[in-house]
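Asks: A structural model of the following input is requested.
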Amino acid sequence: MNQLRILVVEDDIFIAEDICETLEQMEYIVVGPAYNATDAIELLDKEKLDLALLDINLGEGANGISLGHLIQESYHLPFIYLTSYANKSTLESAKKTRPMGYVVKPFQVEDLFAAIEIALYNYSQRWQPVSWQPTFLNKKLNTDFTPKESEILQDMFEGKTNAQLAEKHFVSPNTIKTHVKRIYEKLEVHTRSEAIAKLRAGLE
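Replies: Reported below is the predicted structural model:
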């Protein structure tokens, strides 16, 4: 429940399977894969997501850059292009959609993991609360976060995984999962992206 949920949009079934397997090995939850923009939009509407990986060439219909524009405008979700296309014109078009990263295939597992971690962190840094003190958060959000939950919420906001949270706070991964579950319940959300959106709305 507390793992990051990543949408995979890739039109090549074999590459899609490889990406999904790689993400699962990293202990992310994979949503999809979607093999075209239409399927991707259905999943964006239906699923609770934290990040999307987008191929640019999606065969017939809208391409990944068009999908990136839509995500930027309507879904407010961080996304990374994972594509074989690295020519100048494609990069110029891609930049206009404000992706959180651009990984060229074939990719190394370490490069993809780093891109995801940096994307989540950079997305969180686009906006930060005035204070992470529980008294401030609870007053503005009408919640009852404990000091520890406020600390973990800040670390989640900065893109730390459950394993990284456990290491930093010197507790077990199961304890972190319990804290994250309580944070989600208090914010009435299901994903980190929803939590960020809720914080933004409540603290503006």
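Asks: just the helices in this protein please.
Replies: Per DSSP state H, the chain carries helices over the ranges 13-25, 37-46, 64-70, 88-95, 109-125, 134-141, 147-157, 162-169, 173-187, 192-203.
Asks: other SSEs contacting the shortest one?
Replies: Going back to what we said before, that points to helix 64-70. helix 37-46, strand 51-54, strand 79-83, helix 88-95 (3 or more Cβ pairs under 8 Å, 6 or more residues apart in numbering; DSSP states H and E). Where C-beta positions appear, they are placed from N, C-alpha and C, glycine not excepted.
Asks: Kindly recompute the last result at 6 Å.
Replies: Helix 64-70 sits against strand 51-54, with contacts defined as 3 or more Cβ pairs under 6 Å, 6 or more residues apart in numbering; DSSP states H and E.
Asks: cool, and the second one?
Replies: Applying 3+ Cβ pairs under 6 Å, 6+ apart, we find helix 37-46 packed against strand 29-34.
Asks: Give the pairing partners of the strand it packs on; include direction for each.
Replies: Each strand paired with strand 29-34, and its direction, by DSSP bridges: strand 5-9 (parallel).
Asks: for the chain, which spans come out with low pLDDT?
Replies: Applying pLDDT under 70 to the chain flags residues 1-2, 127-130, 204.
Asks: do that again at 50, thanks
Replies: In the predicted model of the chain, residues 1 satisfy pLDDT under 50.
Asks: Relative to Ser193, how far out is Leu51?
Replies: Separation of Leu51 from Ser193 (Cβ to Cβ, to the nearest Å) stands at 8 Å.
Asks: before we move on, what about Thr146?
Replies: Distance from Thr146 to Ser193, by Cβ to Cβ: 23 Å.
Asks: the more surrounded of these two?
Replies: Ser193 (22 against 14; other Cβ atoms under 10 Å).
Asks: out of everything not next to it in sequence, what's closest to the more buried one?
Replies: Asp50 (5.0 Å; Cβ to Cβ, 6 or more residues apart in numbering).
Asks: now do Gly68
Replies: In space, Gly68 is closest to Thr97, 3.6 Å off (Cβ to Cβ, 6+ apart).
Asks: So what's the residue count around the residue nearest to Ser193?
Replies: Count around Asp50 with other Cβ under 10 Å applied: 25.
Asks: Distance of the residue nearest to Asp55 when sequence neighbours are not counted relative to Ala37?
Replies: Distances taken as Cβ to Cβ, 6+ apart place Glu10 nearest to Asp55, at 4.5 Å, with adjacent residues excluded. For Glu10, the distance to Ala37 equals 12 Å [Cβ to Cβ].
Asks: What of Ala166?
Replies: 37 Å.
Asks: who's more crowded, those two?
Replies: Neighbour tally, Ala166 and Ala37, criterion other Cβ under 10 Å: the higher count belongs to Ala37, 22 against 18.
Asks: residues contacting the residue lying closest to Pro134 once chain neighbours are set aside?
Replies: Once flanking residues are discounted, Pro134 sits nearest to Ser150: 4.3 Å by Cβ to Cβ, 6+ apart. The contact partners of Ser150, taken as Cβ atoms under 6 Å, 6 or more residues apart in numbering, are Trp132, Pro134, Leu137.
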